[in-house]
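Trainee: Sequence first, predicted coordinates after that:
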Amino acid sequence: MEDGIMRCALFAGMCAEEIEALLGQMACTRRQYEKGEVLLHAGYENRSIGVVLHGEIEAMKLAADGTQFLTARMGPGGVFGDVLAGSHSTKSPVTVAAASPVGALWLPFSALVGCGQAKLLQNYIALISDKYFALDRRVELLLCRGVREKLLYYLKTEACPVPGGGRRTPFTRAALASYLGCERSALCREIGRMRKEGLLRTQGRVFFLSGASST
């Protein structure tokens, strides 16, 4: 059983034997993707739910002016296409591509809702609920006026806490800037200012906020 499946919230509370039997019943498919290969195209309908088995994927949205914005990045266990798969006619608003060599599991939505497995359906509903609140946080982030406000909001609400009081982001500086909706140069300048003011220190992708900036 792949680690990505065991870490997936869709199968939370289920043992490996239950999951294996369920996947066989649902006629799931596994696919491999090279870095840069597209798993899901914007503007197309999708009737399957994807689970990242290994590697990382990125979801990008194209703005009216042609600028691409990073909307999500997922590693093993990440679920994508789940909201879209349940829609009758909505087309994907984002393009999902492999940020590294990726293995993905595809579950037909019709098989998921018809499998009769209550725990799986409960997990699916919980996933949708979590994504609703994640979207609400993203709206709040984009409503922040300045780069500093956006960065602080992101670190406090979305970045993963790590030992020592730091907060880790999965993004490079360029990817983080895209996610925050700002220029990379503007983000780097603001991080530099915050370091000089003693509000922030960094170790790679880990950010440590001072008491003043963490409130």
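Mentor: Arrived safely.
Trainee: what sits up against stretch 87-96?
Mentor: 38-46, 50, 57-62, 71-72, 80-81, 84 (CB atoms under 8 Å, 6 or more residues apart in numbering). C-beta coordinates here come from the backbone N, C-alpha and C atoms, glycine included.
Trainee: Mind doing that once more with 7 Å?
Mentor: Residues outside stretch 87-96 that contact it (CB atoms under 7 Å, 6 or more residues apart in numbering) are 38-46, 57, 59-61, 71, 80, 84.
Trainee: tell me the mean pLDDT over it?
Mentor: Stretch 87-96 shows a mean pLDDT of 87.
Trainee: Where strands are concerned, which of the contacts of stretch 87-96 count?
Mentor: Val38, Leu39, Leu40, Ile57, Ala59, Met60, Lys61, Thr71, Phe80 (DSSP state E).
Trainee: Tell me how many other residues crowd the second one.
Mentor: The criterion is other CB atoms under 10 Å. On that basis, Leu39 has 21 neighbouring residues.
Trainee: Quick check: the gap between it and Ala104.
Mentor: Plainly put, Leu39 is 6 Å away from Ala104 if you go by CB to CB, to the nearest Å.
Trainee: so what sits against both of these two?
Mentor: Tyr33, Gly50.
Trainee: quick revisit: relative to Asp3, which of the ones in strands among the contacts of stretch 87-96 is nearest.
Mentor: Within these, the smallest distance to Asp3 is 15.7 Å, found for Ile57 (CB to CB).
Trainee: and that closest one, what are its bridge partners?
Mentor: Beta bridges link Ile57 to Met74, Ala98 when assigned by DSSP bridges.
Trainee: how deep is it tucked in, by neighbour count?
Mentor: With other CB under 10 Å as criterion, Ile57 counts 23.
Trainee: so what's it up against?
Mentor: Ile57 neighbours (CB under 7 Å, 6+ apart): Leu39, Met74, Gly78, Phe80, Val96, Ala97, Ala98, Ala99, Val102.
Trainee: If we use 8 Å, what do you get?
Mentor: Leu39, Arg73, Met74, Gly78, Phe80, Val96, Ala97, Ala98, Ala99, Val102, Ala104.
Trainee: Can you mark which positions in stretch 30-43 are buried?
Mentor: For stretch 30-43, the neighbour count (16 or more other CB atoms under 10 Å) marks Tyr33, Leu39, Leu40 as buried.
Trainee: low pLDDT regions in the chain?
Mentor: In the predicted model, the chain carries pLDDT under 70 at residues 212-215.
Trainee: can I assume Ile49 sits in a strand?
Mentor: Yes: the assignment for Ile49 is a strand, going by DSSP: H, G, I helix; E, B strand; the rest coil.
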